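> I need the structure of the sequence given here:
(one chain, ligands or ions: 1)
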Amino acid sequence: MSPLNAAIIGTGHALPENVLTNDQLEKMVDTSDEWIVTRTGIRQRHIAGPGEYTSLFATAAARRALDMAGVDPAELDMIICATVCPDMMLPATACFIQSALGAKRAAAYDMAAACSGFLYGLTVAEGVIKSGRCRTVLLVGAELLSRYVDYTDRSTCVIFGDGAGAAVIRATEEPKGILAARIRSDGDLADYLYTPGGGTRYPASEETVKKRLHYIKMRGNELFKVAVRNLTQISREALDDLKMAPNDVDLFLPHQANQRITEAVTARLGIDPARVYSNIDRIGNTSSASIPIGLDECVRAGRVRPGDTIMMASFGAGVTYGAVIMRW
Ligand code: UT7
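Here you go, the predicted model:
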């Protein structure tokens with residue numbers, strides 16, 4: 001380890017109160033609780049109410065992480081909001097979070113790496129901390145995918161949920177924090193998961209709305225196979241960087257995309273399923289928020305202890321993927 005390490009010193013998460021169950025979805029589209037549970041592992045997801053927006057949940061998650069860390073917002077050097085569901089096209093949602101927290105000194109910007117946003121953000125945070133440019137970084141993964149989901153499309157509306165998770169990352173000379181970080185993309189597969197309307201290619205118009213271009217489009221089955229392959233490969237690379245065996249990891253926390261993806265990757269890596277965390281049954285797929293929500297649940301439940309090794313792996317639209325191994 002280099003003398004200056006980047007360690008997570010506080011975590012938090014926030015979910016909308018409103019819950020959408022599989023039984024409720026059965027009344028909205030041609031699906032069944034049985035299909036959703038066996039194909040995805042999801043039983044319910046949290047969905048934001050009218051008038052709620054991404055930075056509300058991001059800020060609530062951030063406050064909890066700052067409280068746990070004992071860090072005042074004025075100490076933050078940088079705020080990264082990993083999101084593909086910004087409050088507005090402009091400015092960055094991170095700036096709304098900064099304002100709500102009163103984090104006057106912080107640089108604030110968004111990171112659009114879809115479901116891999118939290119691990120991309122951790123990798124950047126590690127870089128700015130190790131270089132000495134920043135001492136304390138707030139990283140939030142926050143998504144309100146329900147705003148982009150077509151609730152007449154059964155192939156996507158059963159999967160996604162809303163929520164936010166946050167981490168405070170700080171420079172430390174103690175032998176802990178991020179040990180290995182690998183991130184990668186394959187833009188050739190951009191059309192496996194995308195939202196075409198509302199950007200510069202198809203600017204918002206009556207026609208884009210009529211053609212439902214502002215909704216998420218997904219080639220789920222093809223994405224599933226790439227997800228299993230890429231998650232397995234990038235996790236192996238991160239483990240190899242540290243000459244670690246899969247079961248040297250105390251906790252494997254993968255992005256919660258689909259319980260069957262988690263199980264396939266766990267089996268391929270040969271990780272003991274008892275070391276794997278899953279909350280997809282309660283929360284669904286919350287994109288960049290899924291890993292920090294899971295991490296916060298594990299920390300608060302005492303499932304991670306000082307000295308434990310945690311491997312996180314993610315995969316998402318782009319496609320983007322990554323794996324980060326850290327010592328708690
Ligand atoms: O967050 C990271 C990015 N996202 C992902 O990684 C998602 C990856 N993909 C998946 O999780 C899965 O592919 C899905 C859950 C989206 C779909 O599961 P699948 O086992 O791959 O199903 P499929 O797309 O191959 O469809 C199988 C059948 C089709 O019917 P036919 O053609 O066999 O008659 C679908 O129309 O299941 C049908 N189907 C459904 N049936 C009931 C698709 N969605 C539903 C549904 N309820 N909600």
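> check contacts around residue 18.
The contact partners of residue 18, by CB atoms under 8 Å, 6 or more residues apart in numbering, come to 46-49. For the C-beta atoms, the positions are set from N, CA and C on the backbone; glycine is no exception.
> Mind giving me the PyMOL select for those residues, buried ones only?
Written as a PyMOL command, the selection of buried residues from those, which uses 16 or more other CB atoms under 10 Å, is:
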select buried, resi 46+47+48
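> Among the contacts of residue 18, name the ones in strands.
Among those, the members falling in strands (DSSP state E) are residue 46.
> can you list the residues of the stretch 1-150 of the chain near the ligand?
31, 35-36, 39-40, 115 (CB under 6 Å from any ligand atom).
> What segments of the stretch 101-250 of the chain are helices?
117-130, 154-157, 206-210, 220-241 (DSSP state H, counting those that start in this stretch).
> Outside of the shortest one itself, list whatever touches it.
Here helix 154-157 makes contact (CB under 8 Å, 6+ apart) with 25, 28-31, 149-151, 215-218, 220.
> Residue 198 and residue 211 touch, don't they?
No. Residue 198 lies out of contact with residue 211 (CB atoms under 8 Å); the separation is 11.9 Å.
> So for residue 292, what's the pLDDT?
Residue 292 is assigned a predicted lDDT (pLDDT) of 98.
> mind checking pLDDT for the closest residue to the ligand within the stretch 1-150 of the chain?
Closest residue of the stretch 1-150 of the chain to the ligand, CB to the nearest ligand atom: residue 31 (3.3 Å). Residue 31 is assigned 97 on the pLDDT scale.
> The residue nearest to it when sequence neighbours are not counted: neighbouring residues, count only.
Among residues not flanking residue 31 along the chain, residue 154 sits closest, at 4.8 Å (CB to CB, 6 or more residues apart in numbering). Neighbour count for residue 154, taken as other CB atoms under 10 Å: 17.
> Contact residues of the stretch 151-300 of the chain facing the ligand?
Residues of the stretch 151-300 of the chain lying near the ligand (CB under 6 Å from any ligand atom): 154-155, 158-159, 193, 220-221, 223-224, 227, 257-258, 285.
> Tell me which residue of the stretch 101-250 of the chain lies closest to the ligand.
For the stretch 101-250 of the chain, CB to the nearest ligand atom, closest residue to the ligand: residue 220, 2.8 Å.
> Tell me how many other residues crowd that residue.
Residue 220 has 16 nearby residues by other CB under 10 Å.
> do you know how far the residue lying closest to it once chain neighbours are set aside is from residue 45?
Residue nearest to residue 220 in three dimensions, not counting chain neighbours: residue 155, with 5.5 Å by CB to CB, 6+ apart. Applying CB to CB, to the nearest Å, the value for residue 155 to residue 45 is 15 Å.
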